[in-house]
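A.B. asks: turn this into a model:
(one chain, ligands or ions: 1)
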Amino acid sequence: MSLNRHLTRGRDVARTAGDHAADMFAPLTLIARGLRRHVGWTKSRWQATPKERRGPALLLTAAGVMGVVLLPHGPLLAVVTLVASAAWSGRERKPAPTPEPDPADVKLPALYAALTPYLATPDDVCPLYRPDGRYQDAFAGWAFDADGRLAALEIGYPAYFTDTEPTARARIEQVLQAKAGRGREYRFDWDLECSRLQVTALAPLPGDIPAQTWVTTPGEIVLGFTDPQATQRMIPVSHDGRSGHQPPVIWRTGPRSGEPHLLALGSTGSGTSTLLRTIALQALAHGDLLVIDGAGTGEHACLVNRPGVHTVETSLRGALAALDWAARETERRLAALNLARYRGEPAPADVSRPLWLLLDHPTELTELAQAEGHPDPQDLLELPLRQGRAARVTVVVVDAIEAVDRISPTVRAAARARVVLGDLDTQDLRLALGVPLDLAPATLTPAGRGYARIGAQPPVRLQVPATVDPLDEEAPARLRDAVIALLPHRDSRIEAPAPPRPQHQPQVAPAAEQDAAGAAPRVELRKAELGNPR
Ligand SMILES: Nc1ncnc2c1ncn2[C@@H]1O[C@H](COP(=O)(O)OP(=O)(O)OP(=O)(O)O)[C@@H](O)[C@H]1O
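C.D. replies: This next block holds a predicted model:
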């Protein structure tokens, strides 16, 4: 056996013996500690007793001791009592818990100090913010939640602070969010007239709301859910096996809509394809779809061959053919509507059924078209975007925020309903929504979280329903089943009798038949095959 092993063993034996000894002598230690405390108490009492009373006190104690000695079993009882009381007072006493410090006194001085460099100037003779100042002088009110996190704060700031400049405001918002915790979203209400800023921490929106049939009127699309303060409407929602009501973000489409087209941008994996699927499932209830999957990831394969879905294209040639048909269909619809109006007749059924052009990452196809010398598919959207409202053609484009420069100006100008999803900085949010946000997003946002702005309305928070790809095996089965239940089948559309079918279908010629120059093939309307259109 090596020396090292001897030493280790010896150490173990010594430690075990020490532990046993400590266990054995624990009662004696307890009593000894108690006796020490008794002696200490007696000493302090003796010193506290005035000198003239010490003699009588000593006499009284001696008489007591004598009495005890004279009693039958007195000395024994006295020893037992002394030992018991020593054991009692020798216990380890837990220190009284120190009261939790007031979170306001811990967090608000730090917040005040962090704001001081931005809101103080040396020339101010009566500064609201100064290095040796108190937060109570500048902060008008505050509230903390049960976990000690800042829930609301109202601060005052000097009138000379440049609160009309977005960059100056953004700096203050950044400091406030950093000090109050980046894990939550905050709303900033700037009262420019009174030089006051109200900061409110926002509760997270409910996530994972499964796809389901929403209670809306035709033409209304539920993009997701928001704060109760942002809308006066509530719709029934089943979530986690319970029924309740949630405030929806509704996008109104159709001939009377001020925002007939939508553009959604997001960071990678933020849920833009999921948003497109959410819209597709609702649009299918009353209209027909044409889907272009520019990324070619097959995320919309669940729509292939579904009643009401004209085509799901993933190739450049297929997309060009389908969009060319959509442009001519828009033209045809307009002509038919104008003729009906001219004759004073109701609009024919085949032009009043909404047509939806859903484009996922079309800029991928734009790049491909440029490389191969084909026309840009986005150019074919011009007519549907300009005339779509009258012709009941709605365009929805979703793409990555990095591709915003490649989105055609016509799409950006005509798509006045905007959605932005994912972790984005304030500049990207502003670019996507067209206005600065008075909200600071949390650092980590779940999939489907973002903001929506319909037309000129102020932006609202948005959580898109979890309309997952039913072919995505990694998605939870209950969410996939919910989507499958909404997909129309050949014999029914949304579990209801099939509505009359439109009298025209896109027929995309095989790519091989396309001309050598790469021009998009014409989509033929095969009216002869109306009996079996799909
Ligand atoms: N609202 C949501 N609720 C729950 N999960 C979601 C939601 N939106 C998206 N997801 C999940 O997040 C992942 C990414 O979603 P999605 O494919 O829609 O994002 P994307 O923005 O299209 O991604 P990419 O940038 O790759 O195109 C998927 O697994 C999807 O199921």
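A.B. asks: walk me through the domains of the chain.
C.D. replies: The record assigns the chain these domain ranges, following automatic domain parsing: 104-202, 220-490.
A.B. asks: go through those and pick out the most buried.
C.D. replies: Comparing the domains of the chain by mean neighbour count (mean count of other C-beta atoms under 10 Å), domain 220-490 comes out on top with a mean of 19. Any C-beta I mention is one placed from the backbone N, CA and C, and that applies to glycine too.
A.B. asks: hmm, back to that, would TSV of the domains of the chain with mean pLDDT be doable?
C.D. replies: TSV is the format used below for the domains of the chain (pLDDT from 0 to 100):
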stretch	mean pLDDT
domain 104-202	90
domain 220-490	93
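A.B. asks: CSV for the ones you listed, including distance to Thr81?
C.D. replies: Output for the domains of the chain, formatted as CSV (distance: least, C-beta to C-beta, whole Å):
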stretch, distance to Thr81
domain 104-202, 48
domain 220-490, 63
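A.B. asks: for the ones you listed, which one sits closest to the ligand?
C.D. replies: Proximity to the ligand (C-beta to the nearest ligand atom) singles out domain 220-490 among the domains of the chain, at 2.2 Å.
A.B. asks: in what helix or strand does Pro75 lie?
C.D. replies: helix 74-89 (DSSP states H and E).
A.B. asks: let me redo that: Arg187
C.D. replies: Per DSSP H and E, Arg187 falls inside strand 185-191.
A.B. asks: equivalent analysis for Leu58, please.
C.D. replies: Using DSSP H and E, the element containing Leu58 is helix 51-70.
A.B. asks: get me the contact residues on this structure for the ligand.
C.D. replies: Where the chain comes near the ligand, counting by C-beta under 6 Å from any ligand atom, the residues are 208, 266, 268-274, 295, 299, 400, 447-448, 464, 466, 468, 472, 475.
A.B. asks: and the helix holding Leu58 with helix 74-89, angle?
C.D. replies: Going by axes from the mean of the first three to the mean of the last three C-alpha atoms, to 10 degrees, helix 51-70 is angled at 120 degrees with respect to helix 74-89.
A.B. asks: distance from the chain centre to the longest helix along the chain, please.
C.D. replies: In the chain, ranked by residue count with DSSP state H as the criterion, the top helix is helix 316-343. The chain centroid and the centroid of helix 316-343 are separated by 39 Å under C-alpha atoms, centre = their mean, to the nearest Å.
A.B. asks: and stretch 168-176, by the same measure?
C.D. replies: With C-alpha atoms, centre = their mean, you get 21 Å for stretch 168-176.
A.B. asks: and stretch 106-113, by the same measure?
C.D. replies: On C-alpha atoms, centre = their mean, the centre of stretch 106-113 falls 27 Å from that of its chain.
A.B. asks: same deal with stretch 388-403?
C.D. replies: For stretch 388-403, the separation from the chain centroid amounts to 24 Å (computed by C-alpha atoms, centre = their mean).
A.B. asks: re the thing from before, which of the residues of the chain next to the ligand fall in helices?
C.D. replies: Checking these against DSSP H, those in helices are 272-274.
A.B. asks: give me the helices and strands touching the helix holding Pro75, please.
C.D. replies: Contacting helix 74-89 under the criterion 3 or more C-beta pairs under 8 Å, 6 or more residues apart in numbering; DSSP states H and E are the following elements: helix 26-48, helix 51-70.
A.B. asks: that one versus helix 26-48: what angle between them?
C.D. replies: On the basis of the same axes, to 10 degrees, helix 74-89 is oriented at 100 degrees to helix 26-48.
A.B. asks: what mean pLDDT does helix 74-89 have?
C.D. replies: Here helix 74-89 scores 86 as its mean pLDDT.
A.B. asks: what's the helix or strand that it is followed by packed up against?
C.D. replies: On the C-terminal side of helix 74-89, the nearest following helix or strand under DSSP H and E is helix 103-119. On a contact count with 3+ C-beta pairs under 8 Å, 6+ apart, helix 103-119 meets helix 135-138, strand 139-144, strand 150-156, helix 166-180.
A.B. asks: one more pass at 7 Å, please.
C.D. replies: Applying 3 or more C-beta pairs under 7 Å, 6 or more residues apart in numbering; DSSP states H and E, we find helix 103-119 packed against helix 135-138, strand 139-144, helix 166-180.
A.B. asks: okay if I get the ones in helices among the residues of the chain next to the ligand as a markdown table plus distance to Leu281?
C.D. replies: Formatted as a markdown table, these follow (distance: C-beta to C-beta, whole Å):
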| residue | distance to Leu281 |
| --- | --- |
| Thr272 | 15 |
| Ser273 | 13 |
| Thr274 | 11 |
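A.B. asks: ok, and for the helix holding Pro75, which residues are buried?
C.D. replies: Buried residues in helix 74-89, counted by 16 or more other C-beta atoms under 10 Å: 86, 89.
A.B. asks: roughly how far out does it sit from the chain middle?
C.D. replies: Relative to its chain's centre, helix 74-89 lies at 66 Å (C-alpha atoms, centre = their mean).
A.B. asks: tell me how many other residues surround the residue nearest to Arg91 when sequence neighbours are not counted.
C.D. replies: Residue nearest to Arg91 in three dimensions, not counting chain neighbours: Leu30, with 7.1 Å by C-beta to C-beta, 6 or more residues apart in numbering. For Leu30, the neighbour count with other C-beta atoms under 10 Å is 17.
A.B. asks: got the phi and psi for Ala369?
C.D. replies: Backbone geometry at Ala369, expressed as degrees, to the nearest 10, gives phi -60, psi -40.
A.B. asks: excluding its backbone neighbours, what's nearest it?
C.D. replies: Distance criterion C-beta to C-beta, 6+ apart; nearest residue to Ala369, sequence neighbours excluded, is Asp376 at 5.2 Å.
A.B. asks: for Thr297, same thing?
C.D. replies: The nearest residue in space to Thr297 (C-beta to C-beta, 6+ apart) is Ser273, at 7.7 Å.
A.B. asks: the one you found and Leu150, how far apart?
C.D. replies: Per C-beta to C-beta, to the nearest Å, Ser273 is found 36 Å from Leu150.
A.B. asks: now Asp240
C.D. replies: Asp240 is 29 Å from Leu150, by C-beta to C-beta.
A.B. asks: equivalent analysis for Gly90, please.
C.D. replies: 46 Å.
A.B. asks: residues contacting stretch 469-483, please?
C.D. replies: 210-212, 277, 299, 301-302, 466-468, 484 (C-beta atoms under 7 Å, 6 or more residues apart in numbering).
A.B. asks: do stretch 128-138 as well
C.D. replies: Stretch 128-138 is touched from outside by 108-109, 111-112, 115-116, 119-120, 155-158, with contacts defined as C-beta under 7 Å, 6+ apart.
A.B. asks: which ones are touching the closest residue to Gly450 other than its chain neighbours?
C.D. replies: Nearest residue to Gly450, sequence neighbours excluded (C-beta to C-beta, 6+ apart): Leu421, at 3.5 Å. By C-beta under 7 Å, 6+ apart, the contact set of Leu421 is 264, 266, 270-272, 275, 448-450.
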